[in-house]
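In: All I have is the shape, not the residue letters:
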């Protein structure tokens, strides 16, 4: 009976939303908890009122196809699977966007600050947070990011699935942009306490820009059972770039990196310390006992909504220029169909850590144990719903694997 209720609920929300002309955001994916993987189904109609958006989703999950359905999202720490139909309804988006005030509760996008010397592409998928802004992006503003999520409506439960919070502020005076970010995970961390800060000052030169950026990182054990010493470090660099209609290029070719500091400490792996194949930034920070130079380069190409390309390269280097380490290559490419009658999408992603400067090695052996690679070809058979062929590189088995995925493409 419950399976029938879930099916009717999902279809009813989907059909009624389309009949009223609402934007519908479907999510069909796999969510991994500490205990198991679950198949997650969600349909969220978005109600839009000028500068206000509200999305209430109908959600259910099961551990396997044909298994028992539970309402809401897969259980979190200290929560139980729910059979209460009320918990099938969850708030997935609340957004207010005015000129001098902004508020957003919903799934986390990716966050970067400045050129990414301290925070670059930070996120945790399928995790919600609150973002608040006071002031205007054009002149001056201050904003805050707080991990927060409503787990259940009955009984009412709230909490957080990510750890990192931050404050950010910016001021524009006579073409000079001053920005500051301070972040920490100390409100929620059980293993390590981090405090980071970042400041950037850039001058607009009419299509070009130049400036300086500096950062500070401090980490210490969050419990007596954690075995590492508290360490701190800083980095500072100078550079600039240019912005045009289709291209943008940014670079910090000269960066000083002190002992116990690393580039892009808060990245997309930040919330998964100990759960990834790559050596974590925290391990790099603890083991780095000498100062060094560094650099980063970032290129973006966008053409309308058809093509979006992003490429980034960063590294550490000794003062005598004899050795380069901690290199990171990153790139992603998204191509959308130019034909409305053939709504396909191609997406590719490549990320790799390098120990040496030998780029010939990269082209001779594109994949190793520290490589993440995936490409996806998708066809949208209805708005928000797609069927995808996905091929990806398995780091552990050193082979390519593929799968067919039926799901939704969502962007709250």
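Out: Alright, I've got the coordinates. Source: prediction; values computed, not measured.

In: Name the helix or strand for residue 138, please.
Out: Residue 138 is part of no helix or strand, with elements assigned from DSSP states H and E.

In: And it, how far from residue 50?
Out: Distance, residue 138 to residue 50, using CB to CB, to the nearest Å: 20 Å. For every residue, glycine as well, the C-beta is placed using N, CA and C.

In: next helix or strand past the helix or strand bottoming out on mean pLDDT in the chain?
Out: Comparing helices and strands within the chain by mean pLDDT, DSSP states H and E singles out helix 2-19 as the least confident, with a mean of 56. With elements assigned by DSSP H and E, the helix or strand that comes after helix 2-19 is strand 23-32.

In: What is that following strand packed up against?
Out: helix 2-19, strand 37-49, strand 52-62, strand 399-408 (3 or more CB pairs under 8 Å, 6 or more residues apart in numbering; DSSP states H and E).

In: Show me where the stretch 151-300 of the chain dips below the pLDDT cut-off.
Out: Along the stretch 151-300 of the chain, segments meeting pLDDT under 70 span 273-279.

In: all strands for it, in order.
Out: 156-159, 165-173, 176-184, 192-204, 208-221, 231-243, 247-257, 292-303 (DSSP state E, counting those that start in this stretch).

In: Could you give the bridge partners of residue 42?
Out: Beta bridges link residue 42 to residue 27, residue 59 when assigned by DSSP bridges.

In: Was I right to think it contacts residue 59?
Out: Yes. The pair residue 42 and residue 59 passes the contact test of CB atoms under 8 Å, sitting 4.3 Å apart.

In: center of the chain, which residue is that?
Out: Nearest to the mean C-alpha position of the chain, by CA atoms, centre = their mean, lies residue 123 at 2.8 Å.

In: Tell me who's in contact with residue 336.
Out: 305-307, 344-345 (CB atoms under 8 Å, 6 or more residues apart in numbering).

In: let's see 6 Å
Out: Taking CB atoms under 6 Å, 6 or more residues apart in numbering, we find residue 336 in contact with 305-306, 345.

In: Sort out which of those are buried, if you could.
Out: residue 345 (16 or more other CB atoms under 10 Å).

In: out of the contacts of residue 336, who's nearest residue 134?
Out: Proximity of those to residue 134 (CB to CB) peaks at residue 305, which lies at 30.8 Å.

In: Can you tell me the SS state at the closest one?
Out: Three-state call for residue 305 (DSSP: H, G, I helix; E, B strand; the rest coil): coil.

In: Residue 157 versus the closest residue to it other than its chain neighbours, what's the distance?
Out: Once flanking residues are discounted, residue 305 sits nearest to residue 336: 5.9 Å by CB to CB, 6 or more residues apart in numbering. Shown here: residue 336 relative to residue 157, a distance of 39 Å by CB to CB.

In: who's the nearest residue to residue 299 once chain neighbours are set aside bridged to?
Out: Excluding its sequence neighbours, the residue lying closest to residue 299 (CB to CB, 6+ apart) is residue 311, at 4.8 Å. For residue 311, the beta-bridge partners are residue 299, residue 331 (DSSP bridges).

In: what number of residues lie near residue 65?
Out: 6 (other CB atoms under 10 Å).

In: what does residue 342 give?
Out: For residue 342, the count of nearby residues is 9 (other CB under 10 Å).

In: Okay, and it sits in which element?
Out: Counting by DSSP H and E, residue 342 is found in no helix or strand.

In: State the phi and psi torsions of it.
Out: phi -130, psi 80 (degrees, to the nearest 10).

In: shift numbering so it begins at 7
Out: Sure, I'll start counting at 7 from here, so that last one is residue 348.

In: now residue 232, nearest residue through space, not along the chain?
Out: Excluding its sequence neighbours, the residue lying closest to residue 232 (CB to CB, 6+ apart) is residue 197, at 5.8 Å.

In: List the neighbouring strands of the helix or strand where residue 138 lies plus their orientation.
Out: Residue 138 is part of strand 134-142, with elements assigned from DSSP H and E. Paired neighbours of strand 134-142 in the sheet (DSSP bridges): strand 107-113 (antiparallel), strand 146-153 (antiparallel).

In: Put together TSV for those strands, with mean pLDDT and distance to residue 387 on each row.
Out: Converted to TSV, the strands paired with strand 134-142 look like this (pLDDT from 0 to 100; distance: least, CB to CB, whole Å):
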stretch	mean pLDDT	distance to residue 387
strand 107-113	96	23
strand 146-153	96	35
